[in-house]
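> Using only what follows, build the 3D model:
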Amino acid sequence: MQEMLSQATTLEALQGFVESLRDVYDIEHLVYHSVNPKGGQYAALTYDPSWVERYIEEDYARIDPVVQSAYRRFHPVDWKALDWSAKTTRQFLGEAIDAGIGNQGFSIPIRGPSGQFALFSANQKGNDDAWAAYTNERVSDLILIAHYLNEKALEIEGSEERGPVRPLSPREKDTLTLLALGNNRANVAETLNISENTLRVYIESARFKLGATNTTHAVAMALLHGLIVV
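Numbers count the residues shown, from 1 in each chain. Below you'll find the model as predicted:
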């Protein structure tokens, strides 16, 4: 999947990637939606087009708890943890479910350069326990994919805000590679035979060079630009 995304050169290709990713992760729906600093929007998603049209027509983003919560936070959003008690919100949710949107969801807010905002969501029908097990197993993958997909979309759109990427040191590459392989910080430090404080220095240095907002974003950018290979 990483190779497929790396080779994408058009926004239409990103739509194909999202559709393929849905099948790989055996999930009902995936959505990537980006809003640039000038208000331009792009989406690659697997929802029924009639629901997308209805959502836009009714401007449901103004009452959608997922969108409103994502605007205010940086961490992933579990839909079940949100407040759906308002009458308008319950009506919106009922309409969404009737349109084939699952009762479970997990969204990852992404903040890009100069105010760019994106949201990557996974959606499924199922019970709470099954969904919790699914997201716990795949949360790291979903977060990484979200940032990787956003970087690729910005690259394709030719964002004027993206400057040249500075080269990483061998230690910085080793650090991000091990993190990309799913190791936690303690394991990475042990593998590299360094302290966790020294590891933090490498991570922050790599993040600064890549212009990344967090560690996962740095890993995604390093993969995208071919600075590391996993």
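> Setting aside sequence neighbours, what's the nearest residue to the residue positioned nearest the centre of the chain?
The centre of the chain sits closest to residue 146, judged by C-alpha atoms, centre = their mean, with a distance of 2.0 Å. With C-beta to C-beta, 6 or more residues apart in numbering as the criterion, residue 146 has its nearest non-adjacent residue at 3.5 Å, and that residue is residue 120. Just so you know, the C-beta spots here come from the backbone N, C-alpha and C atoms, and that holds for glycine as well.
> Against which helices or strands is the helix or strand containing the residue nearest to the centre of the chain packed?
Per DSSP states H and E: residue 146 is located in helix 128-157. In terms of contacts (3 or more C-beta pairs under 8 Å, 6 or more residues apart in numbering; DSSP states H and E), helix 128-157 is packed against helix 2-6, helix 11-24, strand 29-35, strand 41-45, strand 104-111, strand 117-124, helix 215-224.
> Mean pLDDT added to those, as JSON lines?
Output for those, formatted as JSON lines (pLDDT from 0 to 100):
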{"stretch": "helix 2-6", "mean pLDDT": "73"}
{"stretch": "helix 11-24", "mean pLDDT": "92"}
{"stretch": "strand 29-35", "mean pLDDT": "95"}
{"stretch": "strand 41-45", "mean pLDDT": "92"}
{"stretch": "strand 104-111", "mean pLDDT": "92"}
{"stretch": "strand 117-124", "mean pLDDT": "95"}
{"stretch": "helix 215-224", "mean pLDDT": "84"}
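> now the ones you listed in TSV, with distance to residue 62 and mean neighbour count?
Conversion of those to TSV gives the following (distance: least, C-beta to C-beta, whole Å; neighbours: other C-beta atoms under 10 Å):
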stretch	distance to residue 62	mean neighbour count
helix 2-6	32	13
helix 11-24	25	16
strand 29-35	14	21
strand 41-45	15	17
strand 104-111	17	22
strand 117-124	15	23
helix 215-224	28	24
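> Let's have those in TSV, adding distance to residue 192.
What follows is the helices and strands packed on helix 128-157, written out as TSV (distance: least, C-beta to C-beta, whole Å):
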stretch	distance to residue 192
helix 2-6	23
helix 11-24	31
strand 29-35	33
strand 41-45	36
strand 104-111	28
strand 117-124	30
helix 215-224	15
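> correct me, but residue 79 touches residue 104?
Yes: with contact defined as C-beta atoms under 8 Å, residue 79 counts as touching residue 104 (6.7 Å).
> Enumerate every residue touching the residue of the chain positioned farthest from its centre.
Most distant from the centre of the chain: residue 193, at 31.2 Å, with distances by C-alpha atoms, centre = their mean. Going by C-beta atoms under 8 Å, 6 or more residues apart in numbering, residue 193 touches no other residue.
> now the lowest-mean-pLDDT helix or strand in the chain, how far from the centre of its chain.
When the helices and strands of the chain are scored by mean pLDDT, DSSP states H and E, helix 2-6 comes last with a mean of 73. In terms of C-alpha atoms, centre = their mean, to the nearest Å, the centre of helix 2-6 is set 15 Å apart from its chain centre.
> That's all I had, so thanks and see you.
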